[in-house]
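Undergrad: predicted model follows, preceded by the sequence.
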Amino acid sequence: MAEFAITDEAFVLDGRPVRLLSGALHYFRVPEEYWPHRLRMLRAMGLNCVETYVPWNLHEPRPGEWHDVGALGRFLDAAQAQGLLAIVRPGPYICAEWENGGLPHWLTGPLGRRVRSRDAQYLAAVDAWFDVLLPQVVERQVDRGGPVIMVQVENEYGSYGSDAVYLRHLADGLLRRGITAPLFTSDGPEDHMLTGGSVPGLLATANFGSGAREAFATLRRHQPAGPLMCMEFWCGWFSHWGDPEVVRDTQSATEALREILDCGASVNLYMAHGGTNFAGWSGANRGGPQHLGALEPDITSYDYDAPIDEFGRPTPKFWAFREVLAPYADGPLPDVPPPPPALAEEAQTVLARWAPLAEVLEVLGGEERTGGVPPTLEELDVDRGLARYSWSVPGPRQAYELRVSGLRDVALACVDGVPRATLLTEEAVIGQVEGPAEVELWVESLGRVNYGPRLGEPKGVTTGLLHERQYVHGVRARPLRLDAFDDAAAVAKLPLAAPGGEAAAGFYAGTVTVAGAGDAVLELPDGARGFVWVNGLCLGRYWSAGPQTRLYVPGPVLREGANEVWVLELSGSPAPRVRISPLP
């Protein structure tokens, strides 16, 4: 058993002041087989603590349907086995460039802007979730022999709202459920954010990427006493599809880290190791200074330009940080562990079986809904995946502009069975269309907004289809959830055949033979946009828009010999070739 406390001057562990040198590592972005290795990498960099979020929507994909909540406990046990303390940030909102900021789609769909507030229906769902989750944390607190030293209340709430009643409900709920570790909040170092996000009596921390002295001066105006901590030191950043890859210079990041430590503060590197947004869990942002602009979906990789790269290898930033952190360690730093085995030789294949999207929807899709106006993806119970919307434009009528209003994602538009356009804007024009005509939109969710005032907005077609100025009423909509492909027996029922000349959008399957299995990357030279699986694991989204061109294939997924590969191509381009290569 140990004792951890917060005084006016310091963090105190068993009566001794301690500086927390922490690193963010999300258990849900790293294969469980690799948790020990990644945690050893944190130790070797000079860290004494690990921090993780908890994504509610991953663990409760449908109301009352719990999925592997024990993963958090196993991760905390793994951290303790490597000699690390732990900070847990259970949300319920986490941001994290994660789908919907961690909030379940089945909750934000009906509640909208009522989430992250004192709304009774929202709080009832949060309370039910915490009843299930928090025992994983309670039994692993330091005063019970575990590694957990602190627990966060909400997350950067001051960037979103100012409902003090809501924050107090969360804090009291954590205490009532047995959290004895100190509670804290974290917000940007701005007056309105600290005012909106702080809770009286709890430690406030700041999140920033540079300017530590100015940030801590602002924090001190709100919290005159207590240890200083940068809870998110942004030593890298994330990237969006269609934009250049974002990187942060090693020298500037190292100087910013040194400034934090020179202030006598503790720090949490965000991210120490980013990992991967497997299975389409990437979130999205809105552009513009107030985050109200165009949708900006996050790429599959969450490498984050972190000191430990997506594949678990040390980068130049790792070695620079290790040099800065080493003087603060109790003794010599551990050796850097060797990387896991990596693929030795490149392997290629052509996926020889194919089924069109309509057949995939017929076998794996959910129940079709009909109505006057299109249902949202939330109403279709789609968290990750797509939906087909179908309209009949009446006629005869002359050619008018056909457009989609309120499109929150990307769509392949077909008229009379012929692909006409890929739509990417909220007010999107298909083209000039005569009536009668049959119109289909295959709408793929690009990830729900994870930050800002448009959090919780509905997805899919949120307004309707217009011919000239007239709404086209009467729509059929059918969902295809991404997790439908988790059912291998159902996938086996797809009517696969050899791809013909018409093969384009649809499901491709085949095998690739690997020698010397280990960590690898996968490329689709012909693929335009979709998802790919290897031996049942969804590696995530690929998109020719870039900047990401390769998907990470963890070594534990690959098998020596034949490996099953599935591709769901959604753009209308053929995607039969697959290349699995050694790490770059």
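TA: Right, received. Where do you want to start?

Undergrad: what's the per-residue pLDDT of the residue nearest the centre of the chain here?
TA: Nearest to the geometric centre of the chain sits residue 98, at 2.5 Å (CA atoms, centre = their mean). With respect to pLDDT, residue 98 scores 98.

Undergrad: need the contact list for the nearest residue to it once chain neighbours are set aside.
TA: Once flanking residues are discounted, residue 98 sits nearest to residue 283: 4.9 Å by CB to CB, 6 or more residues apart in numbering. Bear in mind the C-beta positions are built from the backbone N, C-alpha and C, glycine included. Shown in contact with residue 283 (CB atoms under 8 Å, 6 or more residues apart in numbering): 95-101, 297-298, 447-451.

Undergrad: if we can go back for a sec, would you mind confirming that the residue nearest to the centre of the chain is in contact with residue 449?
TA: No. With contact defined as CB atoms under 8 Å, residue 98 does not reach residue 449; the gap is 10.9 Å.

Undergrad: re the thing from before, which of the contacts of residue 283 lies closest to residue 212?
TA: Of all the contacts of residue 283, residue 212 sits closest to residue 95, with 21.4 Å by CB to CB.

Undergrad: re earlier: got a list of what the residue nearest to the centre of the chain touches?
TA: Residue 98 touches 53, 55, 277, 281, 282, 283, 450, counting by CB under 8 Å, 6+ apart.

Undergrad: still on that earlier bit, what is the nearest of the contacts of residue 283 to residue 461?
TA: residue 448 (15.1 Å).

Undergrad: just give the number of residues close to the nearest residue to the closest one once chain neighbours are set aside.
TA: Nearest-residue entry for residue 448: residue 100, 3.9 Å, with adjacent residues in sequence omitted and distances by CB to CB, 6+ apart. Residues near residue 100, counting by other CB atoms under 10 Å, number 29.

Undergrad: tell me the SS of residue 100?
TA: Following DSSP: H, G, I helix; E, B strand; the rest coil, residue 100 is assigned to helix.

Undergrad: going forward, count from 16.
TA: Right, with 16 as the first residue, what we last looked at is residue 115.

Undergrad: next one: it from residue 349, what distance?
TA: 38 Å (CB to CB, to the nearest Å).

Undergrad: just residue 536 next, same as before
TA: Taking CB to CB, one finds residue 536 at 28 Å from residue 349.

Undergrad: these two - which one has more neighbours?
TA: residue 536 (20 against 16).

Undergrad: and the more buried one, that's in a strand?
TA: Yes. Assigned with three-state DSSP, residue 536 falls within a strand.

Undergrad: list the contacts for the residue nearest to residue 463?
TA: With the criterion set at CB under 8 Å, 6+ apart, residue 115 makes contact with 72, 123, 298, 398, 463, 464, 465, 470, 471.

Undergrad: quick one: average confidence on the host helix or strand of the first one?
TA: Using DSSP states H and E, residue 72 sits in helix 71-74. This predicted structure assigns helix 71-74 an average pLDDT of 98.

Undergrad: cool, and stretch 190-205?
TA: 98.

Undergrad: kindly check the end-to-end length of it for me.
TA: Chord length of stretch 190-205, first to last residue, is 28 Å (CA to CA, to the nearest Å).

Undergrad: what does stretch 533-552 give?
TA: End to end - CA to CA - stretch 533-552 spans 15 Å.

Undergrad: show me which residues of that stretch are buried.
TA: 533-539, 541-550, 552 (16 or more other CB atoms under 10 Å).

Undergrad: how many neighbours does the closest residue to residue 42 other than its chain neighbours have?
TA: Excluding its sequence neighbours, the residue lying closest to residue 42 (CB to CB, 6+ apart) is residue 90, at 3.7 Å. Residues near residue 90, counting by other CB under 10 Å, number 25.

Undergrad: how about JSON lines for the contacts of residue 115, with secondary structure added?
TA: As requested, the contacts of residue 115 are exported to JSON lines (three-state DSSP):
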{"residue": "72", "secondary structure": "helix"}
{"residue": "123", "secondary structure": "helix"}
{"residue": "298", "secondary structure": "coil"}
{"residue": "398", "secondary structure": "coil"}
{"residue": "463", "secondary structure": "coil"}
{"residue": "464", "secondary structure": "strand"}
{"residue": "465", "secondary structure": "coil"}
{"residue": "470", "secondary structure": "coil"}
{"residue": "471", "secondary structure": "coil"}
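
Undergrad: name the member of these with the most neighbours.
TA: residue 463 (30 neighbours).

Undergrad: tell me the confidence at it?
TA: For residue 463, pLDDT reads 98.

Undergrad: residue contacts, it?
TA: Contacts of residue 463 (CB under 8 Å, 6+ apart): 114, 115, 116, 120, 123, 298, 299, 471, 472, 474.

Undergrad: any chance of these in JSON lines, with distance to residue 599 too?
TA: Output for the contacts of residue 463, formatted as JSON lines (distance: CB to CB, whole Å):
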{"residue": "114", "distance to residue 599": "27"}
{"residue": "115", "distance to residue 599": "31"}
{"residue": "116", "distance to residue 599": "31"}
{"residue": "120", "distance to residue 599": "34"}
{"residue": "123", "distance to residue 599": "37"}
{"residue": "298", "distance to residue 599": "25"}
{"residue": "299", "distance to residue 599": "26"}
{"residue": "471", "distance to residue 599": "37"}
{"residue": "472", "distance to residue 599": "36"}
{"residue": "474", "distance to residue 599": "33"}
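
Undergrad: what is the burial count for residue 32?
TA: Residue 32: 11 neighbours (other CB under 10 Å).

Undergrad: tell me the contacts of it?
TA: Taking CB under 8 Å, 6+ apart as the test, what residue 32 contacts is 24, 25, 26.

Undergrad: okay, and which of these map to strands?
TA: residue 26 (DSSP state E).

Undergrad: pick out whichever of the contacts of residue 32 sits closest to residue 169.
TA: Taking CB to CB as the measure, residue 169 sits nearest to residue 26 out of the contacts of residue 32, at 21.0 Å.

Undergrad: touching, residue 409 and residue 449? I think so.
TA: No. If you go by CB under 8 Å, residue 409 and residue 449 don't touch, sitting 11.2 Å apart.

Undergrad: for the residue located most distally from the centre of the chain, report the pLDDT, please.
TA: Ranked by distance from the centre of the chain (CA atoms, centre = their mean), the top residue is residue 411, with 46.9 Å. You'll see residue 411 listed with a pLDDT of 96.

Undergrad: got the phi/psi numbers for it?
TA: phi -80, psi 150 (degrees, to the nearest 10).

Undergrad: I'd say it and residue 451 touch.
TA: Yes. Contact criterion CB under 8 Å: residue 411 and residue 451 qualify, at 7.0 Å.

Undergrad: so which strand or helix has residue 102?
TA: strand 100-104.

Undergrad: which residue packs closest to the residue farthest from the centre of the chain, ignoring adjacent ones?
TA: residue 450 (6.3 Å).

Undergrad: for that neighbour, grab the count of nearby residues.
TA: Neighbours around residue 450, by other CB under 10 Å: 16.

Undergrad: could you do the one 5 residues further on as well?
TA: A count of neighbours around residue 455, defined by other CB under 10 Å, yields 21.

Undergrad: from the contact counts, what lies against the helix or strand hosting it?
TA: Under the criterion of DSSP H and E, residue 455 resides in strand 442-459. Packing partners of strand 442-459 (3 or more CB pairs under 8 Å, 6 or more residues apart in numbering; DSSP states H and E): strand 400-422, strand 425-430, strand 433-438, strand 476-482.

Undergrad: that one: which residues count as buried?
TA: Buried residues in strand 442-459 (16+ other CB under 10 Å): 443, 445, 448, 449, 450, 452, 454, 455, 456, 457, 458, 459.
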